[in-house]
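Trainee: Here is my input, please return the structure:
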Amino acid sequence: MPRQGLTTESVVGAAANLLETTRWEQLTLHKLARVLQVQTASLYTHITGLEHLRSLLTAYALRQLRKAMLDAAAGEPPEKALPAVSEAYCTFARENRELYRMIMAIPHGGSSELIEAGRAVKAVLFDLLAYYTQDKSLQVRFSRQLHSLLHGFVSLDQLGFFDPAVPAGETLQNTVEDFVRQLQLLSADKTVGAQL
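Mentor: So this is what the prediction gives:
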């Protein structure tokens, strides 16, 4: 019988909390069971094993990232929504380092839940880019460019590559503003799209 009140969601939530002090590669079912004060075998009522837990955690991380992005965009005019979402993305990565690392490390192709969660994150960017262009191929191109920009910024920031004399947040703001200016050119001059 499962422990009273223990659910798959609470197991994943406890695992996410553990990642505040443990690298995701070092997370074990034994550690998780100890935190939940259950026998390790009890976890198998809710998950099939460590790989399943990792998949569930990654999907959880993607949903949390999407929520942070949507919250940042809420109420913002279109021209300010993209910078706000970009900042929210980087803030999520900084404040949830291990969850973010899991998003980047765990393959999404083998899980329909992960594929769906990943597409939901991308959809936020596509919705924002639709303000600048309705061309789907350009939306894909600019989404990939922005994602690469943000992930590159996060990676360099976490590795300490930025000189503290210039705040990293200022660098991010300037970089995203340059990206938005490129999109505004596209929006203002439809011939730009054909030249890109």
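
Trainee: For this protein, spot the helix or strand the model is least confident about on average.
Mentor: Lowest by mean pLDDT, DSSP states H and E among the helices and strands of the chain is helix 190-195, with a mean of 47.

Trainee: give me the low-pLDDT residue ranges for this structure?
Mentor: Low-confidence segments of the chain (pLDDT under 70): 1-4, 189-196.

Trainee: and with 90 instead?
Mentor: 1-6, 78-79, 106-113, 162-169, 185-196 (pLDDT under 90).

Trainee: all helices of it, in order?
Mentor: Using DSSP state H, the helices of the chain run over residues 8-18, 29-36, 50-73, 78-95, 97-105, 112-129, 136-158, 168-188, 190-195.

Trainee: For those, give me a markdown table that also has mean neighbour count and distance to L43.
Mentor: Placement of C-beta: from N, CA and C, glycine included. Compiled in a markdown table, the helices of the chain are given as follows (neighbours: other CB atoms under 10 Å; distance: least, CB to CB, whole Å):
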| stretch | mean neighbour count | distance to L43 |
| --- | --- | --- |
| helix 8-18 | 17 | 6 |
| helix 29-36 | 15 | 6 |
| helix 50-73 | 19 | 8 |
| helix 78-95 | 19 | 27 |
| helix 97-105 | 19 | 18 |
| helix 112-129 | 17 | 18 |
| helix 136-158 | 16 | 31 |
| helix 168-188 | 15 | 39 |
| helix 190-195 | 11 | 52 |
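
Trainee: Need the ones you listed in a markdown table (columns: distance to S42).
Mentor: Converted to a markdown table, these look like this (distance: least, CB to CB, whole Å):
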| stretch | distance to S42 |
| --- | --- |
| helix 8-18 | 10 |
| helix 29-36 | 7 |
| helix 50-73 | 13 |
| helix 78-95 | 30 |
| helix 97-105 | 23 |
| helix 112-129 | 23 |
| helix 136-158 | 35 |
| helix 168-188 | 43 |
| helix 190-195 | 56 |
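
Trainee: what about stretch 42-49, distance to the chain center?
Mentor: 26 Å (CA atoms, centre = their mean, to the nearest Å).
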